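fold the following, please.
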Amino acid sequence: MNRRRNALSSLPALVAILVFWGLQGTLRGAEPEFKESTPELVRVRDGIPHFLSKIKNKEDVKVAYFGGSITAADGWRVQTLAAFNEKWSDSKFSEINAAIGGTGSDLGVYRLDHDVLQGKPDLVFVEFCVNDGGTPPELIWRQMEGIVRQIWRRNLETDIAFVYTFRVGHEKDYLAGKTPRSVSAMEQIAEFYGIPTLDFNIPVVEQAENGKLTYQSDAPEEGKLHFSTDGVHPLKEGHQIYTKVVMDALVSMLEQNENAAFPGVETRSEKLEKVFVADNYENAKFVPIKESQLSGDWSRLPDDSPLAWIKGRMGKDVFTSNAPGSKLSFTFRGSRAMIYNVLGPNGGQVRIAVDGTERGPVPQFDSYCTYHRLASLFIAGDLDPNAAHEVVVEIDAEQPDRTPVAFRLQDPEKELAEPKYQGHNVWFGPIMVLGDVVD
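Purely as a prediction, here's the structure:
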């Protein structure tokens with residue numbers, strides 16, 4: 001009888017434990033399942049109420065354009081900003097140009113605070129679907145959710161809109177009645193948080209199917225809009241298609257807002273109480289490199305360097321070396337780490353050791369390296385987030401193979417022998433970490 005009484009008396013505690021862990025599962029969010037989405041030009045969802053309110057009240061507005069090379073170009077970014085100022089001339093619109101060619105949400109989630117949020121935007125356009133095209137949905141969820149949550153943790157009144165740009169190959173999905181994998185993955189995040197989305201692919205594919213547009217050609221065809229020469233980066237008229245989608249959507253939202261208010265900050269605060277994926281990258285951060293972490297021959301990138309422009313993105317603590325054997329060593333407690341770096345024609349290669357396990361050499365050079373561009377050097381991922389991990393990155397004694405870039409050159413044999421393509425150079429900006437760098 002005593003045993004039975006003891007067992008019964010423990011039931012409330014057991015129930016409490018089960019309820020607690022059930023609640024924790026709700027807060028963390030169940031493991032989602034990837035779902036293909038159907039194409040839709042504009043999904044308004046919870047809209048962009050604070051942006052629209054500022055227009056109605058004739059206040060100044062700051063718009064952040066956060067994406068890759070399609071947004072960095074003198075295209076839809078420039079066109080929409082000019083259209084805003086013309087359409088709503090009682091407000092003054094300014095931009096935060098936070099677009100970096102060749103980069104996706106993997107770098108974006110780390111640089112968001114430095115490149116976007118410190119500028120206090122009212123609206124953030126997020127454009128990564130093309131550069132995230134080869135990324136698994138599970139990773140897109142972590143990165144894109146991290147972006148959304150960072151923005152609203154900083155300011156619940158900051159509006160967000162995802163935009164989906166075109167590249168050759170996307171048309172196959174749209175003609176089959178579905179969206180590309182990266183778009184579908186982003187749509188799941190957008191649906192979860194009530195974020196509006198604008199799909200630029202739809203009018204591009206429709207015009208091509210109606211014989212009014214050529215996706216990719218070296219020269220225009222009579223009677224057809226010349227969209228691009230490379231199948232990815234629109235020419236002026238291609239960007240105008242994107243601009244029209246934005247303007248039509250915002251004008252329509254403004255008209256809707258006249259009749260019924262969109263949800264406010266309380267709704268966004270409630271949405272932050274749950275997560276789509278438990279391991280999202282909300283806590284991604286930049287940590288500047290310290291001189292004490294460097295050994296060998298390193299120097300700070302001088303202000304008169306031809307690459308000094310990168311400090312506008314990376315911050316003042318950018319270190320460079322051309323000396324094999326030079327090392328960066330640090331310890332971090334967390335699950336993932338990368339380094340904000342530069343790829344270029346005279347880039348070297350590095351060997352990376354994490355907790356004593358080495359890999360490499362990893363080239364700081366690729367088939368696009370006729371010029372220098374920002375990139376990220378992957379260090380490690382999916383590690384024990386509670387453990388401390390030791391990292392050593394060492395410049396290798398050999399140069400990387402330069403032939404991947406040969407097809408871009410007029411005279412590869414001659415040009416690859418020139419000084420431009422010689423060197424062991426590395427350029428390291430901040431450590432990008434999910435966790436903390438430990439002294």
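
sec struct for residue 163, please.
Judged by DSSP: H, G, I helix; E, B strand; the rest coil, the three-state class of residue 163 is strand.

just checking, it touches residue 200?
Yes: in this structure, residue 163 sits in contact with residue 200. The criterion is Cβ atoms under 8 Å, and the distance is 6.3 Å. No exception for glycine: its C-beta is placed from N, CA and C like everyone else's.

anything in contact with each of those two?
When contacts are counted by Cβ atoms under 8 Å, 6 or more residues apart in numbering, residue 163 and residue 200 have residue 242 as shared neighbours.

can you give me the offset of the helix ranked longest in the chain from its chain's centre?
Determined from DSSP state H, the single longest helix within the chain is helix 236-259. What separates the centre of helix 236-259 from the centre of its chain is 23 Å, taken as Cα atoms, centre = their mean, to the nearest Å.

and if you look at stretch 378-393?
Using Cα atoms, centre = their mean, the distance between the centre of stretch 378-393 and that of its chain works out at 21 Å.

show residues contacting that stretch.
327-339, 350-356, 377, 428, 434-435, 438.

over to stretch 225-237?
Contacts of stretch 225-237 from elsewhere in the structure, counted by Cβ under 8 Å, 6+ apart, are 69-70, 73, 75-76, 130, 166-169, 204, 207-208, 212-220, 238, 241-242.

taking the residues you listed one by one, which sit in strands?
Counted as lying in strands by DSSP state E, out of those, are 213, 214.

out of the contacts of stretch 225-237, list just those in helices.
Reading helices off the contacts of stretch 225-237 with DSSP H, I get 69, 70, 76, 204, 207, 208, 238, 241, 242.

need these in a markdown table (columns: distance to residue 224).
Putting those into a markdown table (distance: Cβ to Cβ, whole Å) gives the following:
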| residue | distance to residue 224 |
| --- | --- |
| 69 | 24 |
| 70 | 21 |
| 76 | 20 |
| 204 | 12 |
| 207 | 9 |
| 208 | 9 |
| 238 | 12 |
| 241 | 13 |
| 242 | 18 |
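
three-state assignment of residue 109?
In terms of secondary structure, residue 109 is helix; the call rests on three-state DSSP.

quick one: buried residues of the longest helix of the chain?
Along helix 236-259, the positions that meet the burial threshold by neighbour count (16 or more other Cβ atoms under 10 Å) are 238-239, 241-247, 249-250, 253-254, 257.

pLDDT on it, on average?
The predicted model gives helix 236-259 an average pLDDT of 93.

whichever helix or strand comes after it packs against which elements?
The element immediately downstream of helix 236-259 (helix or strand, assigned by DSSP states H and E) is helix 265-271. Taking 3 or more Cβ pairs under 8 Å, 6 or more residues apart in numbering; DSSP states H and E as contact, the helices and strands that helix 265-271 lies on are helix 181-193.
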